[in-house]
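> could you look at this predicted model? Sequence included:
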Number of protein chains: 4
Amino acid sequence: MGKKRGQKYEQIIDAAVKVIAKNGYHQSQVSKIAKEAGVADGTIYLYFKNKEDILISLFEEKMGQFVERIKEKMEAETSVEKKLLILIEMHFMQLEMDHDLAIVTQLELRQSNIDIRYKINEVLKGYLTLIDSVIEEGIEKGVFGSNLDLRVTRQLIFGAMDEVVTNWVMKECKYELITLAEPIHRLLLNGMTENT
Amino acid sequence: MGKKRGQKYEQIIDAAVKVIAKNGYHQSQVSKIAKEAGVADGTIYLYFKNKEDILISLFEEKMGQFVERIKEKMEAETSVEKKLLILIEMHFMQLEMDHDLAIVTQLELRQSNIDIRYKINEVLKGYLTLIDSVIEEGIEKGVFGSNLDLRVTRQLIFGAMDEVVTNWVMKECKYELITLAEPIHRLLLNGMTENT
Amino acid sequence: MGKKRGQKYEQIIDAAVKVIAKNGYHQSQVSKIAKEAGVADGTIYLYFKNKEDILISLFEEKMGQFVERIKEKMEAETSVEKKLLILIEMHFMQLEMDHDLAIVTQLELRQSNIDIRYKINEVLKGYLTLIDSVIEEGIEKGVFGSNLDLRVTRQLIFGAMDEVVTNWVMKECKYELITLAEPIHRLLLNGMTENT
Amino acid sequence: MGKKRGQKYEQIIDAAVKVIAKNGYHQSQVSKIAKEAGVADGTIYLYFKNKEDILISLFEEKMGQFVERIKEKMEAETSVEKKLLILIEMHFMQLEMDHDLAIVTQLELRQSNIDIRYKINEVLKGYLTLIDSVIEEGIEKGVFGSNLDLRVTRQLIFGAMDEVVTNWVMKECKYELITLAEPIHRLLLNGMTENT
DNA sequence: AATGAATGAGAGTTCATTCAT
DNA sequence: GATGAATGAACTCTCATTCAT
């Protein structure tokens, strides 16, 4: 298979997000995705190795942009506290702006089999590294406690944000997600800050 | 179907945990569970409405005990800080002591369809209420900030613990989960504490 | 198995008629019949060899009475024409008086497998013989044409009555079946009568 | 599903007739039909909604041709008496020429559940209408009695033919069905004719 | 490159019958 | 005689993937 890309590649991924968000993971057959993308079933296999590959590519594609945007915004800030706030706000805001994507990443994609979930975790590493960088910078600058466990802290931050977003999706996105960024930020920052 | 219970009922649930942990959700056919439980396929249906019902009952059963044990331990404590520590330690300890159950609850059961996941969330409510009670007690006693958002704080605590456990399971339970209870407790407590 | 009979034997047969008429052949499980009869599933097998045996016995039992009643009424008559009318009227009347039985014999029992249908046909022979006797008497007495083919004529009579009843049952017994006895009688009699 | 038709569509229907005639209704699994038709199991579902749909389509298809052929032959005749004879002869002849089809329509298809039987009855309406047209023409022309009840007469004719054919099939088609057309015709015609 | 008809493996569930009590 | 818990064989339909056109 060629190195992907092309207009149809994007079409198919966007169709997949739409179809999965609407019909749920288990009701999103390849033929449905193909129909939504306006291509034949067989064409899918010119751009993706198999169905699994669509899902992983989808996550790579969307997550790549997701992280990139957060990175950009964060670089404009110097204070670690602000950087963390940006991270949380951007995390929430991006998912709030694309309900379909939020449904897919928080609920539907998690129904995939373990293999895919391990691969998705691989993709997530880029994001976790970004979180790590904030923590490390905070420790270096003495803003956070020097005895912070990097892994545990990273899991705290990611786990909290993820849980908040998942709850929001399961409540059918009925409230404004972004308003929860500040309280979460306060709790996390408070937790990580060295307070004598 | 009678109101369940009975020796076979337990047998089947335990077999389901074992089979799912070993073979994964999608490779755990009813016939496999029946074989492991030492009963005929049809017998399953004398105790459970369908396959989905096994999974939900499994979660109810195990989660009920899980929460009950934490409750008991917590009641023996008076300090809110200690109660939170007990909660986290018991959460980690119980899953560390039953790897199969941990695999099933953290990874496999989440692959089930949305309907089951909503039902599982219903069962989880009992646990979330327990978490709420700690937060509320902390606020009342002035240990935690009075401006804590109950929902967000609950999601912070649960999300963090869940993420920590899931990571541990995905790393094949290679390290000691219980050692992470203390750092998580410190971060959370720190985050929630009123510090002038 | 003993030679059947006994109160429970009747109970089970009546329960079978009721259950099959209400739920249809394919939704009439042995357990349902047992419940309606007020006995345990296993008890059924003390009175009947298997499920098939219930159906055949049911047909034997009900058909025996059915034919017997017609015979009695017919013997009170001397004219062949009247005897044929009695036959048709009694056929219709008895089924009209027991809708459940009509549903079972006309629709549901015919869904059984071929083996049962052959056995049912055996039971029917007694009735067909009765029809034959009327035809033969008519020929002897010179009322019917002497060149009547016995088999064909019997099939004509039975086929016509059966079709009329089946149509009535499929139209949910909405009209009076007995009113059709006279026109059918006239047609059949007319057809069989020697007319120079 | 496209609007059916196509070579495979016919193949599958013919295979179904063959398989059902040979193995009986309840022993005619989809896989058996597929094998006989020389297609994969899944292919069946490209042409039919489900197994039930095969049976109904089979009946529609065969019955459509069946009626059409009778119609054509009848139109070549002018006398009502001859038309009725044609009807009976063609009815018998067509089934005699296709034993498999006769077995399927007279015995096997009747074992299907009530839903299918009602649908089959719908298909039969076309044939019953054809019978009606003969009766009505006979009445108009004064050949038949003017006081004939259309419904009852139709049921007489159809019931008689059906019974004759069913008996022939149950006797394993051992005698010549066509020879019974004349006596049945004579009986029916005689029955319907106005005779002062 | 694009198509879409064809493939065929795979599993949850029912229910007639048995037999230990 | 009566019970009813336990058995286990049996079958339709879906859908990811292929490949001839």
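That came through fine.
> hey, where'd the helices end up in chain A?
With DSSP state H applied, chain A shows helices at A:7-23, A:30-37, A:41-47, A:51-75, A:80-97, A:99-103, A:114-140, A:150-170, A:181-192, listed in chain order.
> those: which one's closest to residue D:144?
Go through the helices of chain A one by one with C-beta to C-beta and the one that ends up closest to residue D:144 is helix A:30-37, at 58.4 Å. Just so you know, the C-beta spots here come from the backbone N, C-alpha and C atoms, and that holds for glycine as well.
> between helix A:51-75 and the closest one, find me the angle.
Note on geometry: by axes from the mean of the first three to the mean of the last three C-alpha atoms, to 10 degrees, helix A:30-37 and helix A:51-75 are set 50 degrees apart in direction.
> quick one, helix A:30-37 and helix A:7-23 angle?
Between helix A:30-37 and helix A:7-23, the angle comes out at 110 degrees (the same axes, to 10 degrees).
> near DNA strand F, which residues of chain A show up?
Counting by C-beta under 7 Å from any atom of the strand, the positions of chain A adjacent to DNA strand F are A:26, A:27, A:29, A:30, A:31, A:41, A:42, A:44, A:45, A:50, A:51, A:52.
> sorry, back to before: could I get the helices of chain A as a markdown table with mean neighbour count and mean pLDDT?
Converted to a markdown table, the helices of chain A look like this (neighbours: other C-beta atoms under 10 Å in any protein chain shown; pLDDT from 0 to 100):
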| stretch | mean neighbour count | mean pLDDT |
| --- | --- | --- |
| helix A:7-23 | 19 | 96 |
| helix A:30-37 | 18 | 97 |
| helix A:41-47 | 16 | 96 |
| helix A:51-75 | 17 | 95 |
| helix A:80-97 | 20 | 98 |
| helix A:99-103 | 18 | 97 |
| helix A:114-140 | 16 | 94 |
| helix A:150-170 | 22 | 97 |
| helix A:181-192 | 22 | 96 |
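> rebuild the ones you listed as TSV, extending it with distance to chain D.
TSV is the format used below for those (distance: least, C-beta to the nearest C-beta, whole Å):
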stretch	distance to chain D
helix A:7-23	20
helix A:30-37	12
helix A:41-47	13
helix A:51-75	17
helix A:80-97	39
helix A:99-103	29
helix A:114-140	25
helix A:150-170	35
helix A:181-192	50
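> how about those, which one is nearest residue D:63?
Nearest to residue D:63, of all these, is helix A:30-37, at 34.0 Å by C-beta to C-beta.
> who does that closest one touch, helix- and strand-wise?
In terms of contacts (3 or more C-beta pairs under 8 Å, 6 or more residues apart in numbering or on different chains; DSSP states H and E), helix A:30-37 is packed against helix A:7-23, helix A:41-47, helix A:51-75.
> the shortest one and DNA strand E in contact?
Yes: judged by C-beta under 7 Å from any atom of the strand, helix A:41-47 comes into contact with DNA strand E through A:41, A:42, A:43, A:45, A:46.
> out of the residues you listed, who's nearest residue C:172?
When these are compared for distance to residue C:172 (C-beta to C-beta), residue A:41 comes out closest, at 46.9 Å.
> excluding covalently adjacent residues, which one is nearest to that closest one?
Of all residues beyond its chain neighbours, the one nearest residue A:41 is residue A:34 (4.6 Å), with distances taken as C-beta to C-beta, 6 or more residues apart in numbering or on different chains.
> ok, now which ones touch that neighbour?
Taking C-beta atoms under 8 Å, 6 or more residues apart in numbering or on different chains as the criterion, residue A:34 is in contact with A:12, A:15, A:40, A:41, A:43, A:44.
> can you do 7 Å?
Taking C-beta atoms under 7 Å, 6 or more residues apart in numbering or on different chains as the definition of contact, the neighbours of residue A:34 are A:40, A:41, A:43, A:44.
> and for residue A:85?
Residues in contact with residue A:85 (C-beta under 7 Å, 6+ apart) are residue A:185.
> what about it, distance to DNA strand E?
Residue A:85 is 44 Å from DNA strand E, where distance means C-beta to the nearest atom of the strand, to the nearest Å.
> same question, residue A:169
Taking C-beta to the nearest atom of the strand as the measure, residue A:169 falls 27 Å from DNA strand E.
> which residues are in contact with the most centrally placed residue in chain A?
In chain A, the C-alpha closest to the average C-alpha coordinate belongs to residue A:63, at a distance of 5.3 Å (C-alpha atoms, centre = their mean). Applying C-beta under 7 Å, 6+ apart, one finds that residue A:63 lies in contact with A:123, A:127.
> residues in chain A within reach of DNA strand E, list them.
Near DNA strand E, the residues belonging to chain A are A:2, A:8, A:39, A:40, A:41, A:42, A:43, A:45, A:46 when assessed by C-beta under 7 Å from any atom of the strand.
> so can I have a markdown table of the helices and strands packed on helix A:30-37 showing distance to residue D:170?
Rendered in a markdown table, the data for the helices and strands packed on helix A:30-37 read as follows (distance: least, C-beta to C-beta, whole Å):
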| stretch | distance to residue D:170 |
| --- | --- |
| helix A:7-23 | 51 |
| helix A:41-47 | 49 |
| helix A:51-75 | 53 |
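> pick the one among the contacts of residue A:34 closest to DNA strand F.
The nearest member of the contacts of residue A:34 to DNA strand F, counting by C-beta to the nearest atom of the strand, is residue A:41 at 4.7 Å.
> just checking, that closest one touches residue A:32?
No: counting by C-beta atoms under 7 Å, residue A:41 does not reach residue A:32; the two are 9.8 Å apart.
> find the nearest non-adjacent residue to residue A:64, please.
Once flanking residues are discounted, residue A:64 sits nearest to residue A:126: 7.6 Å by C-beta to C-beta, 6+ apart.
> you'd agree the one you found is up against residue A:65?
No: at 11.4 Å, residue A:126 does not count as touching residue A:65 under the criterion of C-beta under 7 Å.
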